[in-house]
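Chemist: Let's see this in three dimensions:
(one chain, ligands or ions: 1)
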Amino acid sequence: MKETDLETKNIGLRGVKVADTRISDVNGEKGILIYRGYNIADLAPAATYEEVSFLLLNDHLPNTQELERYGAELVSERNVPGAVLETMKLIPKSAHPMDLVQAAIPMLASFDPQLHSETKEANLKKAVRLIAKIPNLVAAWDRIRNGLGPVPPDPKLTHAGNFLYMLKGTPPDPETARDFDICLILHAEHSLNASTFAGREVASTHAHIYAAVAAAMGALSGELHGGANSEVMRMLLEIGEVGRAKAWVSEKMGKGGKIMGMGHAVYHTEDPRATVLRKICERMAGRCEDSRWCGLAKAVETATKEEFKKLKGKEIYANVDFYSASVYHMMGIPRDLFTPVFAISRMSGLTAHIIEEKYAEAQPKPELYRPDADYVGTYCGPEACEYIPLDNRAS
Ligand SMILES: CC(C)(COP(=O)(O)OP(=O)(O)OC[C@H]1O[C@@H](n2cnc3c(N)ncnc32)[C@H](O)[C@@H]1OP(=O)(O)O)[C@@H](O)C(=O)NCCC(=O)NCCS
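Modeler: Numbering: from 1, shown residues only. So this is what the prediction gives:
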């Protein structure tokens with residue numbers, strides 16, 4: 001066994017650094033998240049998603065002209081090719097929206113006029129196209145599966161407001177549009193999480209950006225990653241009322257079950273995004289007819305913290321998915337679109353990482369990720385097993 005094998009095996013790469021990045025920094029001990037040098041606690045209340053998206057892709061905050069140009073570019077790239085929308089109509093209505101998103105991305109690739117240009121400028125354009133089109137794709141799928149026609153994007157609306165408009169067919173009130181904008185900012189980037197690593201790994205093979213993004217979407221769909229937010233809502237719907245939270249959590253954790261939206265592989269204190277989302281949850285509850293979800297989420301959070309302390313003798317904290325679930329529910333977003341909404345937002349950070357990977361911008365590095373594994377299967381002796389032809393094998 002080589003010395004380097006020792007601590008990197010069977011630990012899910014936790015704590016193993018595989019790359020340098022200039023895009024974001026997650027300080028798990030202090031609960032700080034930095035996008036290109038800026039603290040999200042400062043960006044969330046003041047910036048727009050368009051500004052943050054530009055920052056992630058271009059390594060600086062835009063000036064007025066740059067932001068105008070970038071916003072206009074996003075608006076002009078929103079339309080999804082009609083052939084893609086027609087193909088979506090042929091897919092069973094029961095298809096999970098994340099499968100739909102993952103499948104539609106390579107279809108978008110074939111319509112990209114710059115698909116085979118691998119310059120950085122071309123890849124930045126492709127990133128903008130993906131960021132602009134995914135919200136349209138998600139909203140259109142929700143309409144199509146409900147027997148409705150897709151709503152064309154409204155160029156006057158922001159990235160956030162336009163998504164809610166395309167989903168429902170009526171523009172959101174300005175407060176909800178802004179709160180959704182903040183949600184998108186908070187989910188836009190998070191260093192080398194599972195889906196971003198998947199995307200970078202695929203990009204390292206020189207596959208195109210659409211292939212890398214599609215792979216990342218598969219990783220994002222799992223319930224231990226981007227799928228957690230919709231599982232949180234499933235749990236809240238099942239619990240139903242504050243009075244049942246404590247007993248439900250205690251029973252679930254007593255059986256070794258996990259409380260979705262709680263705990264994090266990197267943060268050992270509160271996820272800074274959850275702090276902002278809790279406030280949005282309170283605001284949404286204040287202007288929503290069915291306001292019980294925020295109170296219920298808080299009761300589940302408290303019960304989980306108490307139970308975890310009792311069982312494991314340590315703290316557990318809410319992560320980004322915990323409060324985003326009730327926030328999206330109160331915004332009228334269907335539960336199985338929560339993860340696609342995560343994808344809509346993460347498209348900025350993800351494409352920034354894929355471009356960083358392609359051009360080794362942070363640090364020269366060997367091309368192509370290629371980890372290793374120790375074979376622990378059968379050998380039948382010092383050499384390989386003897387191959388016995390099929391007819392001679394014992395039945
Ligand atoms: C995110 C997650 C996978 C991180 O896992 P991790 O890195 O193994 O976390 P930890 O090392 O802190 O886990 C320590 C212990 O707490 C338990 N634990 C962690 N999260 C838990 C949760 N949400 N509910 C109950 N127990 C939990 C683990 O099972 C582990 O138990 P063990 O010591 O008996 O093996 C995990 O917290 C989880 O599954 N959370 C729920 C899913 C979720 O919200 N995912 C979205 C993340 S943004």
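Chemist: Tell me which residue in the stretch 201-350 of the chain sits closest to the ligand.
Modeler: Gly263 (2.4 Å; Cβ to the nearest ligand atom). All C-beta atoms are positioned from the backbone trio N, CA, C, and that covers glycine.
Chemist: wait, what's in contact with that residue?
Modeler: Going by Cβ atoms under 8 Å, 6 or more residues apart in numbering, Gly263 touches 316-317, 319.
Chemist: any residues touching the helix or strand harbouring Arg234, and which ones?
Modeler: Secondary structure from DSSP states H and E places Arg234 in helix 228-239. Contact with helix 228-239 is made by 223, 245, 248, 259-261, 293, 296-297, 300, 319-322, 324-326, 328-329, 335-336, 338-339, 342, as judged by Cβ under 8 Å, 6+ apart.
Chemist: Give me every residue in this structure that's in contact range of the ligand.
Modeler: Residues of the chain lying near the ligand by Cβ under 6 Å from any ligand atom: 224, 228, 253, 258-265, 312, 319-321.
Chemist: In helices, which of those appear?
Modeler: Taking DSSP state H, the ones among those that sit in helices are 228, 253, 312, 320-321.
Chemist: In TSV: the residues you listed, plus pLDDT.
Modeler: Below are those laid out as TSV (pLDDT from 0 to 100):
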residue	pLDDT
Ala228	89
Met253	96
Lys312	94
Val320	94
Asp321	93
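Chemist: if we take these, which one ends up nearest to Pro106?
Modeler: Within these, proximity to Pro106 (Cβ to Cβ) peaks at Ala228, which comes in at 25.8 Å.
Chemist: ok, and the closest non-adjacent residue to the closest one?
Modeler: Asp321 (4.1 Å; Cβ to Cβ, 6 or more residues apart in numbering).
Chemist: cool, and Ser230?
Modeler: Phe338 (4.3 Å).
Chemist: so who does that neighbour touch?
Modeler: Phe338 touches 229-230, 233, 324-325, 328, counting by Cβ under 8 Å, 6+ apart.
Chemist: wait, which of those is closest to Arg145?
Modeler: Nearest to Arg145 among those, with distances taken as Cβ to Cβ, is Ser230, at 15.7 Å.
Chemist: Only whichever of the contacts of Phe338 are buried, select them in ChimeraX.
Modeler: This is the ChimeraX syntax for the buried subset of the contacts of Phe338, where burial follows 16 or more other Cβ atoms under 10 Å:
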select :229,230,233,324,325,328
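Chemist: In CSV: the contacts of Phe338, plus pLDDT and distance to Gly349.
Modeler: Shown next, in CSV, are those (pLDDT from 0 to 100; distance: Cβ to Cβ, whole Å):
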residue, pLDDT, distance to Gly349
Asn229, 91, 17
Ser230, 92, 20
Met233, 96, 23
Ser324, 96, 16
Ala325, 96, 21
Tyr328, 97, 19
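Chemist: Which parts of this structure are strands?
Modeler: 24-27, 32-35, 38-39 (DSSP state E).
Chemist: Which elements pack onto the first one?
Modeler: Here strand 24-27 touches strand 32-35, going by 3 or more Cβ pairs under 8 Å, 6 or more residues apart in numbering; DSSP states H and E.
Chemist: Of all the residues in the stretch 1-150 of the chain, which one is nearest the ligand?
Modeler: Counting by Cβ to the nearest ligand atom, the stretch 1-150 of the chain gets nearest to the ligand through Arg14 (6.3 Å).
Chemist: Any figure for the gap between Ala122 and Cys183?
Modeler: 30 Å (Cβ to Cβ, to the nearest Å).
Chemist: out of those two, which sits in the busier spot?
Modeler: Using other Cβ atoms under 10 Å as the criterion, Ala122 and Cys183 rank with Cys183 on top: 28 against 16.
Chemist: which residues touch the more buried one?
Modeler: 160, 277, 280, 324, 327-328, 341, 345.
Chemist: got any ranges where this structure has weak pLDDT?
Modeler: 1-6, 362, 366 (pLDDT under 70).
Chemist: and Thr21, what does it touch?
Modeler: Here Thr21 is in contact with 191-192, 353, 356, 362 (Cβ under 8 Å, 6+ apart).
Chemist: could you check the distance from Gly263 over to Lys252?
Modeler: From Gly263 to Lys252 the distance is 13 Å (Cβ to Cβ).
Chemist: Mutual contacts of the two, please.
Modeler: By Cβ under 8 Å, 6+ apart, no residue touches both Gly263 and Lys252.
Chemist: Format the CA atom coordinates belonging to the helix holding Arg234 as PDB.
Modeler: Written as PDB, here are the backbone C-alpha positions of helix 228-239 (Å, rounded to 0.1, in the frame of the first residue of the first chain):
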ATOM      1  CA  ALA A 228     -33.100  17.000   0.200                       C
ATOM      2  CA  ASN A 229     -35.300  20.100  -0.100                       C
ATOM      3  CA  SER A 230     -38.300  18.200  -1.600                       C
ATOM      4  CA  GLU A 231     -37.800  15.500   1.000                       C
ATOM      5  CA  VAL A 232     -38.000  18.200   3.700                       C
ATOM      6  CA  MET A 233     -41.400  19.200   2.400                       C
ATOM      7  CA  ARG A 234     -42.600  15.600   2.200                       C
ATOM      8  CA  MET A 235     -41.700  15.400   5.900                       C
ATOM      9  CA  LEU A 236     -43.400  18.700   6.800                       C
ATOM     10  CA  LEU A 237     -46.600  17.600   5.000                       C
ATOM     11  CA  GLU A 238     -46.500  14.200   6.800                       C
ATOM     12  CA  ILE A 239     -46.100  15.800  10.200                       C
END
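Chemist: can you pull the buried residues of it?
Modeler: In helix 228-239, counting by 16+ other Cβ under 10 Å, buried: 228-233, 235-236, 239.
Chemist: chain center to it: distance?
Modeler: 17 Å (Cα atoms, centre = their mean, to the nearest Å).
Chemist: Check stretch 195-207 too.
Modeler: 15 Å.
Chemist: Next: stretch 9-24.
Modeler: Distance, centroid of stretch 9-24 to centroid of chain: 18 Å (Cα atoms, centre = their mean).
Chemist: do the same with stretch 128-147
Modeler: Distance, centroid of stretch 128-147 to centroid of chain: 16 Å (Cα atoms, centre = their mean).
Chemist: Appreciated, that's everything.
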